[in-house]
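Visitor: just a sequence and a predicted model for now, questions to come.
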Amino acid sequence: MRRRCSLFTETQAQLASPRMYYQYSPQRLSTCPLTIHALLHIADSIKANGPVWAYWAFPMERFCGRLQLAITSRRFPFSSIDRYVINSSRLNQCKLIYNLAHELDLISPHSGTVQGELRCPKCVQFIFLTDISTYAFEIPHVSYCHHIE
Amino acid sequence: MLCVLAEVLSLEDRAILRLFALKVQSHMNLKTFEKLPFAFPEVEVPTWKTVSARAAFLAGTKPVLFDCCVNSCCCYVGPNADLTDCPFCRSPRYNADQKARKKFTYVPLIPRLVALFRNPDIVQSMQYRAGPGPNNHQHTPGMTSDIFDGEHYRKLLETPVSINGRERSYRFFSDPRDIALGLSTDGFAPFRRRKSTAWPLLIFNFNLPPEIRFHIKYSLCLGVIPGPKKPKDYDSFSFPAIEELLTLAIGVRAYDILSRSLFRLRAYLILIFGDIPAMSMVMSLKGHNGLRPCRMCNIKGLRVPDSRATTHYIPLKSPSVRGSTTTSYDPANLPLRTHEEILRQGREVDSSLTKAEANHLSQKYGVKGVSAISYIPGIQLPISCPYDFMHLIWENVVKNLILLWTGEFKGIDEGTGSYHLAPAVWEAIGMATAASGSTIPSAFGARPPNVENNKMACSAESWSFWTLYLGPVLLAHKFQNSKYYKHFVDLVKLLHICLQFNISDDEIETLRTGFIAWVESYEA
């Protein structure tokens, strides 16, 4: 009887304020994997090693994407990868030693202008694009940068 | 070396290098390359054999091939050099012709770092770390904007380099040309439907300014540990890299084209990063499912009772079960691991007499042995191996929250909570996400996919955009109880601070207290 009473009060309390995710229940332990705990170490990591972008995996994933393209053989994928790694290191080495970076990129150097561009002498790092013909609705003369009248 | 410098490349050699660049950059296969002479009959196109041989000669770098186990358990190098059978899987090293059955290709790092100083533009931009001028990095106390504001790097600046216990006469990064390096590794699957993985070792040059630091052309791949399996002895594959890194800490001769003089080039590895399984492998740790899963602290894991799963979970507070005492950790004061402790535990495991004892100890500590990277001066375990934000947040925390909301998280129900979103609500959010792409400028990133039904298209980047910009709008008033929404928005606010270009010390404290409060209320 007593027990039932305590159970009842507990549900009452829970109704008043629903619990979050783990609820200190043994059956719900799996809501607390390492990745939730690791959040507690982020501040320390930033303090020790700087912002998170300095050591996140985006560049690595990008590199892996590049390696994927290098696989030309289904039978010997790892030889394809090795060959690509060696050749691209040689190519980079040649670019550095002989100062051929532009020539070996095999693309025309940027002409420097973009069609329909608008430049503001005070915001040199930006090129404003004024070509808004693709929009279905009409935009009145918009000044993208407060320096441009 | 100096005579090569004076040499100006002939027109023929430049033509050959352009051909080489064409084939390598466009991943052209040999068959296509062999068609070139027929497509351009008026010019003489050399054969690939000639081209690659000439490029190899001009580049001057030679890859080093090491024998490795056919199942990629270990590499036959250093202490393993004379083995004829794999110590792990017992498969023989050689085939009947006495040739190695598999090889690991290693592309040496030193010649490539030396070559960086032959290019005036690169030398100029590599002054970012310590050079003068407003374009280079300037440390402002109390502000964090790059790795060079981190306590680890700042402390190294005042520390003499010590190699294998012998202290040298110079300090870390005492020459502005000294290079700060970062190593990244990750398992990637060459084929979508097969389990085989390869493990690239990638070096990043932190002296370069952040805008170009992570460009593929500036990252240096040391080699790719071949699959099909995860290496059992990772340290044997990184052995040649570690040898080179130790040499670089002592210094190698290089020619600086800007000052036109020879100098002693030094480079220090100060950061190692990758996802959690990759880092466990690099640091010789048991892994994220073990009894001590965290690489930063000694928090003890708990298993789900009455379950056969061996995964350990690490709530701050153990579950409240009647009749048992609960243990709890203070999130502001976690039992952090230290470099010395990890080394001591590793040595203890390595020197245990029986296999059973080694297993017992490694389970107890979460450390499988002394990792080879701990010998590199400049590496301070575990802080030099920080958690990777991309996998942590975009691939785990956010995805798991969504699984919880949609009731798909590991088959558990809401319990006493009420955080479920009705299927129709989540479906609508997915559609609204997909529709938002039409009105978002492309500068913000790729078009967001439908997060509800197009899981294949959801990359870490799309989760990042969704969480930071779309989630807080789309989830408003969608939960039965607004506290789940508020809790999510609290996380988003913290993530925005993490991604700022400049983070002040006060903001780092906000992050510390904010994440503690967030995790504590997550568990409540």
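Guide: The structure has been received and is ready for your questions.

Visitor: what residues does the stretch 51-200 of chain B put near chain A?
Guide: Residues of the stretch 51-200 of chain B lying close to chain A (CB under 8 Å from any CB of the partner chain) are B:52, B:55-56, B:58-61, B:63, B:105, B:107, B:111-112, B:115-116, B:118-122, B:144-153, B:182, B:184-186, B:188, B:190-191, B:196, B:198, B:200. Bear in mind the C-beta positions are built from the backbone N, C-alpha and C, glycine included.

Visitor: for PyMOL, write the selection for the buried entries among those.
Guide: Per 16 or more other CB atoms under 10 Å in any protein chain shown, the buried members of these correspond to this PyMOL selection:
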select buried, chain B and resi 52+55+56+58+59+61+63+105+107+111+112+115+116+118+119+122+144+145+146+147+148+149+150+152+153+182+184+185+186+188+190+196+198+200
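
Visitor: in strands, which of the residues of the stretch 51-200 of chain B next to chain A appear?
Guide: Judged by DSSP state E, the subset of these located in strands is B:105, B:144, B:182, B:184-185, B:200.

Visitor: next step: the residues of the stretch 51-200 of chain B next to chain A restricted to helices.
Guide: B:52, B:55-56, B:58-59, B:111-112, B:115-116, B:120-122, B:151-153 (DSSP state H).

Visitor: from these, which two are the most distant?
Guide: B:52 and B:151 (46.6 Å; CB to CB).

Visitor: residues in contact with residue A:78?
Guide: B:190, B:198, B:224, B:226-227 (CB atoms under 8 Å, 6 or more residues apart in numbering or on different chains).

Visitor: now do the phi/psi pair for it.
Guide: Per-residue torsions, residue A:78: phi -70, psi -30 (degrees, to the nearest 10).

Visitor: which residue ranges of the stretch 1-150 of chain B form strands?
Guide: Taking DSSP state E, counting those that start in this stretch as the test, the strands found in the stretch 1-150 of chain B are B:64-67, B:103-106, B:143-144.

Visitor: packing partners for the shortest one?
Guide: In terms of contacts (3 or more CB pairs under 8 Å, 6 or more residues apart in numbering or on different chains; DSSP states H and E), strand B:143-144 is packed against strand B:503-504, helix B:505-523.

Visitor: the first one now?
Guide: On a contact count with 3+ CB pairs under 8 Å, 6+ apart, strand B:64-67 meets strand B:103-106.

Visitor: any stretches of the chain with poor pLDDT?
Guide: Picking chain A for this. A:1-17, A:110-118, A:124-125, A:128-149 (pLDDT under 70).

Visitor: please go with chain B instead
Guide: B:1-7.

Visitor: give me that answer again for 50
Guide: Along chain B, the parts satisfying pLDDT under 50 run over B:1-6.

Visitor: center of it, which residue is that?
Guide: residue B:274 (2.5 Å; CA atoms, centre = their mean).

Visitor: ok, that one to chain A distance?
Guide: Computed as CB to the nearest CB, to the nearest Å, the residue B:274 to chain A distance reads 6 Å.

Visitor: quick check: that residue touching residue B:282?
Guide: Yes: the criterion here is CB atoms under 8 Å, and residue B:274 meets it with residue B:282 at 7.0 Å.

Visitor: need the overlap of contacts for these two.
Guide: Common contacts of residue B:274 and residue B:282 (CB under 8 Å, 6+ apart): residue B:185.

Visitor: can you map out the helices along chain A?
Guide: Under DSSP H, chain A gives helices at A:2-16, A:34-38, A:42-49, A:58-70, A:77-97, A:101-104.

Visitor: again, but for the stretch 151-300 of chain B
Guide: Assigned by DSSP state H, counting those that start in this stretch, the helices in the stretch 151-300 of chain B fall at B:151-157, B:210-213, B:234-250, B:276-282.

Visitor: then the second one to CSV, C-alphas only?
Guide: Extracted as CSV, the C-alpha positions of helix B:210-213 are listed here (Å, rounded to 0.1, in the frame of the first residue of the first chain):
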residue,chain,number,x,y,z
PRO,B,210,44.2,29.3,-42.6
GLU,B,211,42.7,30.3,-46.0
ILE,B,212,44.9,27.9,-47.9
ARG,B,213,46.2,25.6,-45.1
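
Visitor: contact partners for residue B:201?
Guide: So residue B:201 contacts B:183, B:185, B:221-225, B:237-238, B:241 (CB under 8 Å, 6+ apart).

Visitor: can you name the residue of the stretch 401-524 of chain B nearest chain A?
Guide: With CB to the nearest CB, the shortest gap between the stretch 401-524 of chain B and chain A falls at residue B:512, namely 3.7 Å.

Visitor: that residue contacts residue A:45, doesn't it?
Guide: No: between residue B:512 and residue A:45 there is no contact under CB under 8 Å: 10.9 Å.

Visitor: and the two? which has more neighbours close in?
Guide: Neighbour comparison, residue B:512 and residue A:45: the larger count goes to residue A:45, with 27 against 20 (by other CB atoms under 10 Å in any protein chain shown).

Visitor: can I assume the more buried one is in contact with residue B:386?
Guide: Yes: when contacts are counted by CB under 8 Å, residue A:45 is listed as touching residue B:386 (3.8 Å).

Visitor: find residues that contact each of these two.
Guide: In contact with both residue A:45 and residue B:386: residue A:55, using CB under 8 Å, 6+ apart.

Visitor: distance check, residue B:384 against residue B:375.
Guide: Applying CB to CB, to the nearest Å, the value for residue B:384 to residue B:375 is 13 Å.

Visitor: again with residue B:417
Guide: Distance, residue B:417 to residue B:375, using CB to CB: 48 Å.

Visitor: and stretch B:464-472, end to end?
Guide: Taking CA to CA, to the nearest Å, the first and last residues of stretch B:464-472 lie 12 Å apart.

Visitor: any residues of the stretch 251-400 of chain B in contact with chain A? List them.
Guide: B:271, B:273-276, B:288, B:293-294, B:296-297, B:299, B:302-305, B:311, B:313-317, B:319-321, B:326, B:331, B:334, B:383-384, B:386-392, B:396-397, B:400.

Visitor: much appreciated, bye for now.
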